[in-house]
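# No sequence on hand, only this structure:
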């Protein structure tokens, strides 16, 4: 088949590499976001140019010249591998078989731009990814297929996305192409009863409330690690919290219980969080005990007084 690959960053680049290395289909063009001033090329652009593939970076997919350009490619399928820009359904339908788009959740759950963060923050035990037929609604199109993976109790965003979803999803791009090549790709309507949409997970969502149940606090920390990074305060200074561990124990929530060579233990409701790695505002990441000893932190001090 003649394929357009549309994507960004490492995932888009790795999907493109997988298609080219397999050599079954022909990639007729790569579409990605416009270059950002002062920033290096997107990895997918750099890789495509190195392989001699035409790269196009339109600012507006509703532009008639862009539409005509896509039509001229005479593509069978557009594979959308990590797409940050809005592409109208009318454009997605231009290739012979239309388009399919990757999304890192089990649609219709967790539509939206932070689909890896929220399942962890919400304490879910299962996530995965979907390939779906894009429409003008956000992540609302019919599903080509989905794949599940488990979320373990200590998984962070790195564990869920880069170790579980990412490798399988890159390989699954070939499966998506094969389904269209076979001539009868599945199409399952999303069940709106189970649909959910969450906004982009930002710093305002990542604020730690030490007076909440310990499981909620722990899920927030690991569901925002490494980005956007959970945070608390000490003496009005913002402290981002990364690696941590759930431990048992009772006490007054928000109080530091212990400082040891493995970290800083903070009391929550029903349990404690052992903070192992932090990033004070304006500084680099460092072991929590190094930070604590450097500022004279001691047991009984309070976090989160901002």
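Good, I have the coordinates. None of these values were measured; they are calculated from a predicted model.

# hang on, residue 274 packs against residue 244?
Yes - counting by C-beta atoms under 8 Å, residue 274 does reach residue 244; the two are 6.1 Å apart. C-betas here are computed from N, CA, C, even on glycine.

# what do those two both touch?
Taking C-beta atoms under 8 Å, 6 or more residues apart in numbering as the contact definition, residue 274 and residue 244 share the neighbouring residues residue 263.

# Those two: who's more crowded?
residue 244 (25 against 19; other C-beta atoms under 10 Å).

# For that one, list each beta-bridge partner.
Residues found in beta-bridge contact with residue 244 (criterion: DSSP bridges) are residue 275.

# For it, give me its contacts.
Applying C-beta under 8 Å, 6+ apart to residue 244 gives the contacts 218, 221-222, 263, 273-277.

# ok, which stretches of the stretch 101-250 of the chain are helices?
Listed in chain order, the helices found in the stretch 101-250 of the chain under DSSP state H, counting those that start in this stretch are 117-121, 157, 166-181, 214-223.

# Now tabulate these in JSON lines and tack on distance to residue 55, mean neighbour count and mean pLDDT.
Compiled in JSON lines, the helices of the stretch 101-250 of the chain are given as follows (distance: least, C-beta to C-beta, whole Å; neighbours: other C-beta atoms under 10 Å; pLDDT from 0 to 100):
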{"stretch": "helix 117-121", "distance to residue 55": "30", "mean neighbour count": "24", "mean pLDDT": "98"}
{"stretch": "helix 157", "distance to residue 55": "29", "mean neighbour count": "21", "mean pLDDT": "98"}
{"stretch": "helix 166-181", "distance to residue 55": "18", "mean neighbour count": "18", "mean pLDDT": "97"}
{"stretch": "helix 214-223", "distance to residue 55": "34", "mean neighbour count": "23", "mean pLDDT": "98"}
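
# Tell me which of these sits nearest to residue 130.
Distances from residue 130 to each of the helices of the stretch 101-250 of the chain were compared by C-beta to C-beta, and the smallest falls on helix 166-181, at 9.5 Å.

# Return the closest of the contacts of residue 244 with respect to residue 1.
The shortest approach to residue 1 among those belongs to residue 222, at 40.2 Å (C-beta to C-beta).

# backbone phi and psi for the closest residue in space to that closest one that isn't next to it in sequence, please?
Sequence neighbours aside, residue 156 is the residue nearest to residue 222 in space, at 4.5 Å (criterion: C-beta to C-beta, 6 or more residues apart in numbering). In terms of degrees, to the nearest 10, the main-chain angles of residue 156 are phi -100, psi -180.

# ok, back up a step: with distance to residue 59 as extra columns, can I get the helices of the stretch 101-250 of the chain in CSV?
Rendered in CSV, the data for those read as follows (distance: least, C-beta to C-beta, whole Å):
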stretch, distance to residue 59
helix 117-121, 28
helix 157, 30
helix 166-181, 26
helix 214-223, 33
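
# Could you let me know which of the contacts of residue 244 ends up closest to residue 67?
residue 222 (43.3 Å).

# mind listing what that closest one touches?
Going by C-beta under 8 Å, 6+ apart, the list of residues near residue 222 reads 120, 154-157, 244.

# Serialize the contacts of residue 244 to a markdown table and add fields for distance to residue 164.
A markdown table is the format used below for these (distance: C-beta to C-beta, whole Å):
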| residue | distance to residue 164 |
| --- | --- |
| 218 | 19 |
| 221 | 19 |
| 222 | 14 |
| 263 | 26 |
| 273 | 24 |
| 274 | 24 |
| 275 | 25 |
| 276 | 22 |
| 277 | 22 |
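
# about what we covered before: residue 16: which of the helices of the stretch 101-250 of the chain is closest?
Of all the helices of the stretch 101-250 of the chain, the one in closest proximity to residue 16, counting by C-beta to C-beta, is helix 166-181 (8.9 Å).
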